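>>> Kindly return the folded structure for what I paste below:
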Amino acid sequence: MPFFAGDIFVSEVHRKPVLDRAGEEIGKLTDITVGQGDPFPSVTALVVKSGKLTYLIPWDQINLFNKRVISVNLLRDQLSPAVIEPAEVLICRDILDKQIVDINGAKLVRVNDLKLGDVNGRVSLIAADIGLRGILRRLGVEARGERLLSVLRYRLQNVLIGWHYLQPVEPKLNKLTLTVSRQKAAQLHPADLAEIISEVSQKERSAIFGSLDVETAAEALHELEPSVQADIIDDMSKEKASDILEQMPPDEAADVLGDLPEAKAQELINLMEKDEAEDVQELLEHEEDTAGGLMTTEYLAFPPDMTVEDAIRELRLEAPDVETVYYLYITDDQERLLGVLSLKSLIMARPETLLQDIMRSPMKTLSLDAEQMDVAEFISKYNLLAAPVVDENMVMRGIVTVDDVVDFLLPPASRKKRRKI
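Numbers count the residues shown, from 1 in each chain. Okay, here's the model as predicted:
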């Protein structure tokens, strides 16, 4: 096992001479290859160059590895030039100076230096330096810069992020994207994920998106700009795209599909489960700037002769599959809207009470063709969290929620005009 003393930054050994067993210089250390490790990628070999020759020396042949001396257990004559395979991950070439996702900070950061350390007896990539100190260290002026900044009463900080809190964005680094970082990436807010994905190249976007589970991908997709959505969907299989769309609330899936080419959108709708496809298709038939285009078809409706006790039991069963639950809507067997009931009223009522005895009726409703500003004024005037949308026969068609109103009043980049298909 090589003698490895303490933690080392890559900049401290980069371009250092590498000596053979007899003390003769083989060449300069130009890079370090890493492979999988849990949770830190392990060093597998050193890349040493001498003139036009490149040597790949396995880590188990290294004798000393520290800031002053790097030596191997072989003689120079025993080494043969090597060709670095494209699949190899080289930390200087592939990670240094590249962007990477800081999962805790929910942002893209630039890797200014990399830290190596001992992890369970193996030298591994343990952290990225994203601060000014890393830049100064690589320039060889860390001490001088620290003295200068201290005169200005500025303390030069170590800004290190553990590798297990980082998510590579370069596709070829996927094998270094371990379970722990994938799980943490899934915990990011969809809006933060979307912002990160929007800041990298198309190839890197697909790599990040491909590492997400279907549920997280569905939440993030709707937050992206239409052009980015289209690029990502084009890069994945039709089956996976339809799975993600099925996971999304119908109104959000309609937003995404409405921004795709008509043929592509219809192809994905045809691959979706029948019920989800019908809901999305119905929403796409309405103009986006109307109540019908803003609404979602996910809501809870119960019959008037149901008891409070039964309604609460049913609510527990159905609520997980509905995006938002603000009110219960009371409808007849033709789905005509009879009244509405708040969750507070439901909880406060006696178990044996019938819903028709505590529902509020008549109630204010929106028509399918109500314009979006009228919808906003309606929700504001009556201080609602959600407003029911009905057709000319008072048949319940969906609800417009307050967050839908906020989205068109203060639209994120993804809220563009969509086409009907």
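>>> show me where the stretch 301-421 of the chain has helices.
308-318, 343-348, 355-358, 372-381, 402-409 (DSSP state H, counting those that start in this stretch).
>>> let me fix that: the stretch 1-150 of the chain
Assigned helices in the stretch 1-150 of the chain, in chain order: 10-13, 132-139, 142-151 (criterion: DSSP H, counting those that start in this stretch).
>>> what's downstream of the last one, the next helix or strand?
Pointing back at helix 142-151 there. The first helix or strand that comes after helix 142-151 along the chain, using DSSP states H and E, is strand 160-162.
>>> and that next one, how far from the chain's centre?
Chain-centre distance of strand 160-162: 20 Å, with C-alpha atoms, centre = their mean, to the nearest Å.
>>> again, but for stretch 371-380
For stretch 371-380, the distance to the chain centre is 32 Å (C-alpha atoms, centre = their mean).
>>> Buried residues, that stretch. List them.
By neighbour count on 16 or more other C-beta atoms under 10 Å, the buried set for stretch 371-380 is 372, 375, 376, 378, 379. For every residue, glycine as well, the C-beta is placed using N, CA and C.
>>> what does stretch 291-302 give?
291, 292, 293, 294, 295, 296, 297, 298, 299, 300, 301, 302.
>>> in what helix or strand does the third one lie?
Read that as residue 293. Assigned by DSSP H and E, residue 293 belongs to helix 291-294.
>>> what mean pLDDT does that helix have?
Average pLDDT, helix 291-294: 89.
>>> Equivalent analysis for stretch 76-83, please.
89.
>>> Now that stretch - C-alpha only, CSV.
The C-alpha trace of stretch 76-83 is given here as CSV (Å, rounded to 0.1, in the frame of the first residue of the first chain):
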residue,chain,number,x,y,z
ARG,A,76,11.4,3.2,-15.7
ASP,A,77,12.5,0.5,-18.1
GLN,A,78,9.6,-1.6,-16.8
LEU,A,79,7.0,0.9,-17.9
SER,A,80,5.3,0.9,-21.3
PRO,A,81,3.6,3.9,-22.8
ALA,A,82,-0.2,3.8,-22.5
VAL,A,83,-3.2,5.3,-24.3
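>>> ok, and the closest non-adjacent residue to residue 130?
residue 109 (4.4 Å; C-beta to C-beta, 6 or more residues apart in numbering).
>>> low pLDDT regions in the stretch 301-421 of the chain?
411-421 (pLDDT under 70).
>>> The same query, at a cut-off of 50, please.
Scanning the stretch 301-421 of the chain with the threshold set as pLDDT under 50 gives 413-420.
>>> again with the stretch 51-200 of the chain
Low-confidence segments of the stretch 51-200 of the chain (pLDDT under 50): 169, 175, 177-181.
>>> quick one on the thing from earlier: pipe the helices of the stretch 301-421 of the chain into TSV and attach distance to residue 238 per row.
Compiled in TSV, these are given as follows (distance: least, C-beta to C-beta, whole Å):
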stretch	distance to residue 238
helix 308-318	30
helix 343-348	39
helix 355-358	43
helix 372-381	32
helix 402-409	28
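>>> Out of those helices, which gets nearest to residue 226?
The closest of the helices of the stretch 301-421 of the chain to residue 226 is helix 402-409. By C-beta to C-beta, the value is 14.3 Å.
>>> tell me the two of the buried residues of stretch 291-302 that are most distant?
Maximum distance among the buried residues of stretch 291-302 (C-beta to C-beta): 26.5 Å, for 293 and 302.
>>> related to what we said a few turns ago, do you know which of the helices of the stretch 1-150 of the chain lies nearest residue 227?
The closest of the helices of the stretch 1-150 of the chain to residue 227 is helix 132-139. By C-beta to C-beta, the value is 33.6 Å.
>>> Quick one: list the elements packing against the closest one.
On a contact count with 3 or more C-beta pairs under 8 Å, 6 or more residues apart in numbering; DSSP states H and E, helix 132-139 meets helix 10-13, strand 113-119, helix 142-151.
>>> At the geometric centre of this structure, which residue sits there?
residue 193 (3.8 Å; C-alpha atoms, centre = their mean).
>>> Which helix or strand contains that residue?
Element membership for residue 193 (DSSP H and E) is helix 190-198.
>>> Residue 17 - nearest residue in space that isn't next to it in sequence?
Spatial nearest neighbour of residue 17, excluding adjacent residues (C-beta to C-beta, 6+ apart): residue 25 at 4.9 Å.
>>> show me the contacts for that neighbour.
Contacts for residue 25 were tallied using C-beta atoms under 8 Å, 6 or more residues apart in numbering; they are 17, 18, 19, 50.
>>> related to what we said a few turns ago, please tell me how far the residue nearest to the centre of the chain sits from residue 216.
Between residue 193 and residue 216 the distance is 7 Å, computed by C-beta to C-beta, to the nearest Å.
>>> now do residue 355
36 Å.
>>> neighbour count winner among the two?
residue 355 (23 against 20; other C-beta atoms under 10 Å).
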